[in-house]
Structures are given as C-alpha cells and as structure tokens.
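**Q** test case, fold it:
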Amino acid sequence: MAQRILGIDIGATEVKAVLAEVTWREVNVLGLYVEPVPAPEAVAHRLPPNEPDFPAAEPAEEAAEELVDESPEAAPPEPAETPPPWVFALADMIKKHDIDYQEIHTALPGPFATAHTLTLPFENRRRIEQVLPFELENLVPFELDTMHISFDVLGKAPEGGSQVLVCLTPKDKIAKFLKQLGQAGIDPRVVDFMPYSLYAAAKQALPEEMGACAVVDFGHTHTDLAVINQGELVTLRSIPRGGINLDEELAKALSIDVARAAATKLEKASVQTDDKVGQALRRGLQPLLVRLRQTLQGIRSNDGVAVTRLLVTGRGSLLRGLDDLLAEELSVEVQHLEPLPSDLPVSTPGDNELDQARFALANVLLYRGQGDLRAVRMNLRGGEFFYRRQRKAIQASLRGLIAAGVILGLLLGYNLVASHIQKKRYYNAISDQVVQIYLKAFPGAPPAQPVQQFRAQVSKTMAKYETVGFFGEGDLRAVDILKVLSQSIPPTLTVDFKKFSLKGDTLKLEGECPGFADIDRIEEALNKFSGFKHVKKESSQSVSEKVKFKFTISLAEKRQTSAVGPGGPGRAKTKRTSPTPVDL
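**A** Residues are numbered from 1 along each chain as shown. Prediction:
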C-alpha cells in the first residue's frame, strides 16, 4: 500500500522538504518545498504554532508534577520559551502548501551528537544492543546515563563479527528537538543523525561506488563529512565551520552588516578573485580547509584509505570558485552530488543545480527504508523517545488481540455450554430408553437409578441362571446331572440321596442303599456317563439295616468350539467355566 512520506531537512536559513508516494518497489516524488527561516526578531512575539505532546517530555513532566503536589506552595510557572525561527518556517511551509503526508523523516544536526565505530564479535542486533553500554564505558568521557545510544550495523568486519556505528546524543537535546518539532505540528517517525544521512546519500547516488570518496555538506553553521571506501563507511565528522563564518569575514572586510554580506556572497562573490571579496572568502574558508585536510590525512594514515573524490552538496557548495579551490587545496576530484532527477516538480522557481544542492538530504531522508537504503536503520526514535504513533499502533494491535482473545474465549465458552447441553439431552434420552427397557424386563415401579438397578437385577438373574447353568461336556447342567443320576441308577435299586453338593468341577454325593453290592452297581452306573471324568468312592459303611456311601465325582471340562479360532480355520477356542456352587 502506498504511503505519503515527507523528508525534511532543517537548515539555519531554509527548511527544505520532499514529498513522495512510496511503495515497496518505487518512490514517486510529488513535490519539493522550501521555506526561508525568518529572523529571530521577526518571530520573537509569535506564539508557538502548536502545543507538543511527546512521550520524550513525559518523565520530566511527571517528576515536576510530583514535586508540585508535594510542596505546600506551588511555584509560579516559568514563561514559555520562544521556539527557534525554523519552527515557524516549518509550520508555515506545511500550512501554506497544505502538504498531505502520513509519515515524516528528518535529521538532528551533526554538532548535537558524536559517532564511534566499533567491532563486535557477533551479528545479532539484540545482542549488540545489550552489550553496547558496557563497550562504551571506557571509550567516552561522559556519563552514559545522560546519553541516548542508537546504532546501525555497517557490515561484517574483516576479522569476523560486525562493524557497528554508534551514535551518542544527549537526551536533553533529543527531547528539546522533538518538542520543537511538536511545536511545528509534526511527529517524525525517523530522526536520523545528519552526518549519517550523507553516508546514505552516497549509497543512494552511487550504489556501485567502489573507490574511496568523501561526501561533504556545506551548511550555514557547520560542515558535515562522511568518508566511504568500497561502499562501506569509514568515518563521520561534523566541523563547526560554515557559511556564517564567510558572511562574518566578508562583513568585516567590506564594513557592512552580516545580512548584506550574505546577500553579496550569494549574488556575485567568488573565492577565485583577488579583490577584497575573494580574499575575505578565502580567509573565511581557510580554517575549514585545514580541518578537511587534517581529516583526510588522518584517514589515510590510520585507515590506509586515500580519498580521491569529493562529492559536495548543500547551498554553500554553490559558492563560485569553491570547486577549484577544494580540488587545489585537497588534491581531490570535486563533483556535485545530484541524487534528484532533473524533471522533478518544485514549489518555487529555481535552476536544477540549486534544487540538487537544496533537496539532496531531504530526498535521502525520504528514501530511508527504501531501495538501496533499505538496510540503513539508524534512528534516534528509540527507547524513551519511541515513536508515539507506532506506540499507539502497537497499543491498538494489543487491544485488538485482547478483543479477539475475549471473543474467542466467549465462543469457546458458548461451545462448551452448547456441547454440555447437547450431551445432557443425549444422556437423558438414553436414560429414558434404559428405563423403558428396564420396565419391559422387570415390570414394576420405575427405577430411581436405572443403570445401577438394571445392573443389580441382571446380576440377580445371572446368579439364578448360573445355579442351573452349564457344566461339563455337552452343555451339562445341574438339572441334567440330577436327571442322569435318576436314569443311571437301575430302577430295581432303592437309593436314598441325602446330599448333592456341586462346587466348581467337583460333585459330591452322599446317600443310603440296602447293601454293599448296591453301592458297586451305583459306582458302575456313574462311570458309564461321559460327563463324569472321574468317580471315586470315598467311603461306605453299614449303619443298622442300611449302608451309607460317599462319592466324589470330577466333572469333564466344558469345551466351546467355533468355526474359526485364533490359529485359523478348523482350530477351536477352549474356555474353562467355573459353575456356581450348588447344594441340594
């Protein structure tokens, strides 16, 4: 989805902006805007265009509120500080052109921060973030608690690990800068470090650059420098010399005010002439040239990188004769950085050379996260200066997740309740069927506990059934045993059975008969029955006129057969049964 992003370059004399519609694959520039920064006296009595409400100021404000609450008499509020003139220029530019944007990228001026390059033995960004404070403790001469640490991974180090660029910025400077942006009515998503933007400009304009070059932005109050070798960053510098120093030197030489000297410099001055103007400009440039020469020589000595080309940008780079002077003094080839196509729209008339110098950095800020600059991730909006809208977006996402979780929980709860109700109805229906079956099997009163009472009745019935159950071979039953006994004993023999005891596979018989010969006939008859495996006469004795006897009979095992057993067709499955004891 396309996004409208506004890249803003805040200068001492002008505020420049580039608006573009950005997608994942392309950037379509919609407009270029420039607004001169008014003189301080022109805005001294103007109220701030907007009231800021950034999270960066929240901790200090909350602490102040606590102190006010605890003190018995609150101190009178201090008068509001007048914003710097560029705040009014930025607000006027957005209002005048009715700029419609969704996201803003800008940069903090170079003098507010310091940069260090470190080599760390790992590549994971989270781990780098964790160890940076410990690595920096012995490298910087100030307390880290007052500094905001941001970094970017430049690439792999030759000896292994990662080359990391670390930017240290005073927290109060960032808070103040964000507050001033808020007074202009904007909340930037990206706040870059201005010298680092030059490195990004080189990557954008010269993505295939393989030699050593330096990108220099000639500003009004300072000059920023980035040195690149083989496409990798070597160093960053911010030199506190700029166009204002030339204006002051020229005003002194011509005995005019600084504003008029600045106008003269832009209109007709050249550093190559031998008149007062040219001599004054060369004198003003000399300290800057010395610093640039020292920087390049130090890089050659310490890093072994010989810079042969200088890419210049910024409105100060358009000073007549400056290119030749730089080439002569620094022994380098000088070119102008031209990242913009020549046919882009512009809000005010101007030639292409001026537009390229004006909007180069604003254009680079716009491209952050796109194309060749997708890997450039330096951003001062981290930690306590976290981007407010991104925080709100995360909070909105969390609220959405919580709402989705609540809805999901309600759906799961409803599903559980509905499932419980459905199961209860099914259980009730089964219970009704069990009651009906119970009443058919066991007529009478409806059972209070159908399943338990059904099991009890079945157990009683099975007990009665097993009393006359199946025993022995051929499905022999207890009643069959009695029948066999009555049929096996000859009719002419008088026998009086006193006891019939069936326990397991053992049948015990006790009785009386007329004589011992009759006992032998009974034993012979019992042995003829195949259901009796073994018949043993325990005792026989004569009592008065009759003889008492005892027999112990082992019943044959019952065998149940089926057509197909575990071993295949024709094999039988055998099951031994244990009958219920019966005493008659």
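
**Q** so where do the helices sit in the protein?
**A** Counting by DSSP state H, the chain has these helices, from start to end: 58-70, 85-97, 125-136, 171-183, 194-205, 243-254, 258-267, 276-303, 322-330, 352-366, 388-441, 450-467, 478-488, 516-527.

**Q** tell me which stretches of the stretch 101-250 of the chain form strands.
**A** Assigned by DSSP state E, counting those that start in this stretch, the strands in the stretch 101-250 of the chain fall at 103-108, 114-120, 147-156, 162-170, 190-193, 212-218, 223-229, 232-239.

**Q** rewinding a little: between the helices of the chain, which one is closest to residue 3.
**A** With respect to residue 3, and counting by CB to CB, the nearest of the helices of the chain is helix 352-366 at 10.9 Å. Every residue, glycine included, has its C-beta placed from N, CA and C.

**Q** okay, angle between the closest one and strand 212-218 too, please.
**A** 100 degrees (axes from the mean of the first three to the mean of the last three CA atoms, to 10 degrees).

**Q** chain center to helix 352-366, what's the gap?
**A** Distance of helix 352-366 from its chain centroid, counting by CA atoms, centre = their mean, to the nearest Å, is 37 Å.

**Q** same question for that helix, mean pLDDT?
**A** Across helix 352-366, pLDDT averages out at 84.

**Q** CA atoms only: put that helix into CSV for me.
**A** Provided in CSV are the C-alpha atoms of helix 352-366 (Å, rounded to 0.1, in the frame of the first residue of the first chain):
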residue,chain,number,x,y,z
ASN,A,352,18.3,22.4,-11.3
GLU,A,353,21.8,22.9,-9.8
LEU,A,354,20.2,24.9,-6.9
ASP,A,355,17.5,22.3,-6.4
GLN,A,356,20.0,19.4,-6.3
ALA,A,357,22.0,21.2,-3.6
ARG,A,358,18.9,22.2,-1.6
PHE,A,359,16.9,19.0,-1.6
ALA,A,360,19.7,16.3,-1.6
LEU,A,361,19.5,15.5,2.1
ALA,A,362,15.7,15.8,2.3
ASN,A,363,15.4,13.4,-0.6
VAL,A,364,17.8,11.0,1.2
LEU,A,365,15.7,11.1,4.4
LEU,A,366,12.6,10.4,2.3
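
**Q** in it, which residues are buried?
**A** 355, 356, 357, 358, 359, 360, 361, 362, 363, 364, 365, 366 (16 or more other CB atoms under 10 Å).

**Q** export these as a markdown table, with columns for distance to residue 235.
**A** Shown next, in a markdown table, are those (distance: CB to CB, whole Å):
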| residue | distance to residue 235 |
| --- | --- |
| 355 | 29 |
| 356 | 25 |
| 357 | 23 |
| 358 | 26 |
| 359 | 25 |
| 360 | 20 |
| 361 | 19 |
| 362 | 24 |
| 363 | 23 |
| 364 | 18 |
| 365 | 21 |
| 366 | 25 |
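
**Q** which one of those residues is nearest to residue 123?
**A** residue 364 (25.7 Å).

**Q** please parse the protein into its domains.
**A** What the record gives for the chain is the domain set 3-386, 399-464, 468-583, from automatic domain parsing.

**Q** deepest of these, which one?
**A** domain 3-386 (a mean of 17; mean count of other CB atoms under 10 Å).

**Q** how far is that domain from where the chain is centred?
**A** 33 Å.

**Q** pick out the shakiest of the domains of the chain, pLDDT-wise.
**A** Among the domains of the chain, domain 468-583 carries the lowest mean pLDDT (a mean of 71).

**Q** quick one, longest strand in the protein?
**A** strand 532-543 (DSSP state E).

**Q** what angle separates that strand from helix 478-488?
**A** 60 degrees.

**Q** quick one: contacts of strand 532-543?
**A** 472, 507, 512, 516, 519, 523, 526-527, 547-557 (CB atoms under 8 Å, 6 or more residues apart in numbering).

**Q** repeat for stretch 32-43
**A** Residues contacting stretch 32-43 (CB under 8 Å, 6+ apart): 11-19, 82-83, 85-86, 88-90, 92-93, 96-97, 99, 344-348, 355, 358-359.

**Q** using CSV, write out every CA atom in it.
**A** The C-alpha trace of stretch 32-43 is given here as CSV (Å, rounded to 0.1, in the frame of the first residue of the first chain):
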residue,chain,number,x,y,z
LEU,A,32,9.6,19.9,-3.5
TYR,A,33,9.1,22.6,-0.9
VAL,A,34,11.3,25.3,0.6
GLU,A,35,10.7,28.0,3.2
PRO,A,36,13.2,30.6,4.4
VAL,A,37,13.8,30.7,8.1
PRO,A,38,12.7,34.2,9.4
ALA,A,39,15.0,36.4,11.5
PRO,A,40,14.7,35.8,15.3
GLU,A,41,13.3,39.3,15.9
ALA,A,42,10.5,38.6,13.3
VAL,A,43,9.1,35.8,15.4
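
**Q** can I assume residue 111 is in contact with residue 219?
**A** No: contact criterion CB atoms under 8 Å: residue 111 and residue 219 do not qualify, at 10.0 Å.

**Q** distance to residue 103 added to the helices of the chain, as CSV?
**A** Output for the helices of the chain, formatted as CSV (distance: least, CB to CB, whole Å):
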stretch, distance to residue 103
helix 58-70, 22
helix 85-97, 14
helix 125-136, 22
helix 171-183, 13
helix 194-205, 17
helix 243-254, 31
helix 258-267, 33
helix 276-303, 35
helix 322-330, 35
helix 352-366, 10
helix 388-441, 9
helix 450-467, 70
helix 478-488, 98
helix 516-527, 109
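
**Q** among these, which comes closest to residue 378?
**A** By CB to CB (comparing all of those), the closest turns out to be helix 194-205, at 5.2 Å.

**Q** quick one: that closest one to strand 147-156, angle?
**A** Using the same axes, to 10 degrees: helix 194-205 against strand 147-156 is 30 degrees.

**Q** picking that back up, direction included, what does the longest strand of the chain pair against?
**A** Its sheet considered, strand 532-543 pairs with strand 546-555 (antiparallel) by DSSP bridges.

**Q** got the contact list for residue 526?
**A** Residue 526 touches 485, 488, 532, 535, 551, 553, counting by CB under 8 Å, 6+ apart.

**Q** for residue 316, same thing?
**A** Residue 316 neighbours (CB under 8 Å, 6+ apart): 218, 219, 220, 223, 242, 243, 246, 322.

**Q** before we move on, what about residue 251?
**A** 257, 258, 260, 261.

**Q** now those residues as JSON lines including distance to residue 144?
**A** Shown next, in JSON lines, are the contacts of residue 251 (distance: CB to CB, whole Å):
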{"residue": "257", "distance to residue 144": "44"}
{"residue": "258", "distance to residue 144": "39"}
{"residue": "260", "distance to residue 144": "46"}
{"residue": "261", "distance to residue 144": "43"}
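
**Q** now render the contacts of residue 526 as JSON lines, adding distance to residue 336.
**A** Shown next, in JSON lines, are these (distance: CB to CB, whole Å):
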{"residue": "485", "distance to residue 336": "130"}
{"residue": "488", "distance to residue 336": "132"}
{"residue": "532", "distance to residue 336": "125"}
{"residue": "535", "distance to residue 336": "129"}
{"residue": "551", "distance to residue 336": "131"}
{"residue": "553", "distance to residue 336": "126"}
